[in-house]
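Asker: let's see this in three dimensions:
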Amino acid sequence: MKNISFKSVDTLPTPKNIDAPMIFLLDFHPIYGGDPNGAIRFLSKGGNPINYSFTPMTDRKTIQWKNWVTSDGYEDCEFGYGTVSAFYVPTNTTYSWKVSFEHDGDRTKEFWGGKFELMEAK
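Answerer: Numbering: from 1, shown residues only. Just a heads-up that it's a prediction; the model follows:
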């Protein structure tokens, strides 16, 4: 599992010998300055966009990841969750991550961001 704070750039967890994709995790809600234009938004189970989004970076390792898909998202006033998957071209494999989001309390004293956990590859 890997914690990525809102408004931060970091890599997602991957198996050994797989280039980790790097993402920018936007702030969780537009009222905090997050601009979802051009970003990949998490979708609810009904297919509606919710206020979590990220942008894959364009570095040498991340451009090998294609077909980013989000699903099963849920957003509440203090937490949320969702899944994201992407296709890794060099091994012809799709990887998925389960994400839990936290945004409760004082962001200067508590973690605000996403906890990304690698799921089974397909």
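
Asker: count of residues packed around the closest residue to K115 other than its chain neighbours?
Answerer: Once flanking residues are discounted, K115 sits nearest to S100: 4.8 Å by CB to CB, 6 or more residues apart in numbering. In this view, the C-beta of every residue, glycine as well, is placed from N, C-alpha and C. By other CB atoms under 10 Å, the residues close to S100 number 16.

Asker: any idea how far S100 is from Q64?
Answerer: Counting by CB to CB, to the nearest Å, the gap from S100 to Q64 is 26 Å.

Asker: cool, and T58?
Answerer: Counting by CB to CB - T58 and Q64 are separated by 11 Å.

Asker: the more surrounded of those two?
Answerer: Q64 (16 against 8).

Asker: how close does the closest residue to the more buried one other than its chain neighbours get to W65?
Answerer: Closest residue to Q64 apart from its sequence neighbours, by CB to CB, 6+ apart: V89 at 5.1 Å. Distance of V89 to W65, given as CB to CB: 7 Å.

Asker: before we move on, the earlier item: thought G113 was touching the residue nearest to K115, still the case?
Answerer: No. Taking contacts as CB atoms under 8 Å, S100 lies outside contact range of G113: 9.9 Å.

Asker: what's the neighbour count on E120?
Answerer: For E120, using other CB under 10 Å, the count is 6.

Asker: contact partners for it?
Answerer: S96 (CB atoms under 8 Å, 6 or more residues apart in numbering).

Asker: before we move on, what SS does it have?
Answerer: Counting by DSSP: H, G, I helix; E, B strand; the rest coil, the backbone at E120 sits in coil.
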